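1. Please find the sequence and the predicted model below.
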Amino acid sequence: MSCPLHYNWFHILVAASLGIPSGGSMLLIRPAVRTDVHLLKTLIHEMGEYERLPVLITEETLAHDGFGPRQEFRVLIADWDGEPAGYAFFFNCYSTFRGRGLFLEDLFVRPQFRGKKVGDALLL
C-alpha cells in the first residue's frame, strides 16, 4: 500500500491555522473537534450521495474513533464565511518503501463552494 500524502505534522498544523481571504470572503481551514461529529457525519453523507455510495458509519463510531483515547483518523474542515464548505479525512499509514505517512481517504467540497480553491486549501 502506498501512502500518497507524506506531509509532516508541521504542514498540517500550518494548513489548519490559515485564514485565507478570497475576494472579500474568508476561508478558514481548521481541525475538527468532537463537537463537529454531527457536521462530519452530514458531510460524509453528502459525499456518499455524490459518489452514490452507502454510508454506514455512525456518529458514535466517528466520535469514538476520531476523538476518543486512540485517535484513528483526523479531519480538517473548511469554513467559508463561517459556513462548512468541505472536509479532508486522513489517517496515519506506513509504507515499507517510505516509512511513516498520511493517507488521504476523503476530500469533499460542497457543490456551492466548488471552483473557489477550497479543495486546494484543504491539501496545503
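-> Happy to help now that I have it. This one's a predicted model, so the numbers in the text were calculated from it and none came from an experiment.
2. When you work out contacts or count neighbours from here on, use the C-alpha atoms and nothing else.
-> OK.
3. Next one: the residue nearest to His38 when sequence neighbours are not counted from Ala32, what distance?
-> If the residues on either side of it in the chain are set aside, His38 comes closest to Glu59, at 6.4 Å by CA to CA, 6 or more residues apart in numbering. Glu59 sits 14 Å away from Ala32, going by CA to CA, to the nearest Å.
4. So between the two, which is more surrounded?
-> When Glu59 and Ala32 are compared for neighbours, Ala32 comes out ahead with 21 against 15, by other CA atoms under 10 Å.
5. can you pull the contacts of that one?
-> For Ala32, the contact set (CA atoms under 8 Å, 6 or more residues apart in numbering) comprises 74-77.
6. where does the protein have low pLDDT?
-> Along the chain, segments meeting pLDDT under 70 span 1-23.
7. could you say what helices and strands the longest helix seen in it packs with?
-> As assigned by DSSP state H, the longest helix anywhere in the chain is helix 37-51. The helices and strands touching helix 37-51, judged by 3 or more CA pairs under 8 Å, 6 or more residues apart in numbering; DSSP states H and E, are helix 59-67, strand 83-95.
8. let's go with 10 Å and repeat that
-> helix 59-67, strand 74-80, strand 83-95, strand 99-109 (3 or more CA pairs under 10 Å, 6 or more residues apart in numbering; DSSP states H and E).
9. in terms of contact, does Gly66 touch Phe73 like I think?
-> Yes. With contact defined as CA atoms under 10 Å, Gly66 counts as touching Phe73 (5.3 Å).
10. got any residues that touch both of those two?
-> By CA atoms under 10 Å, 6 or more residues apart in numbering, Gly66 and Phe73 have these common neighbours: Phe91.
11. Give me the most central residue, this protein.
-> Ala88 (1.9 Å; CA atoms, centre = their mean).
12. What is the neighbour count of the closest residue in space to that one that isn't next to it in sequence?
-> If the residues on either side of it in the chain are set aside, Ala88 comes closest to Leu107, at 4.5 Å by CA to CA, 6+ apart. Per other CA under 10 Å, the neighbour tally for Leu107 reads 18.
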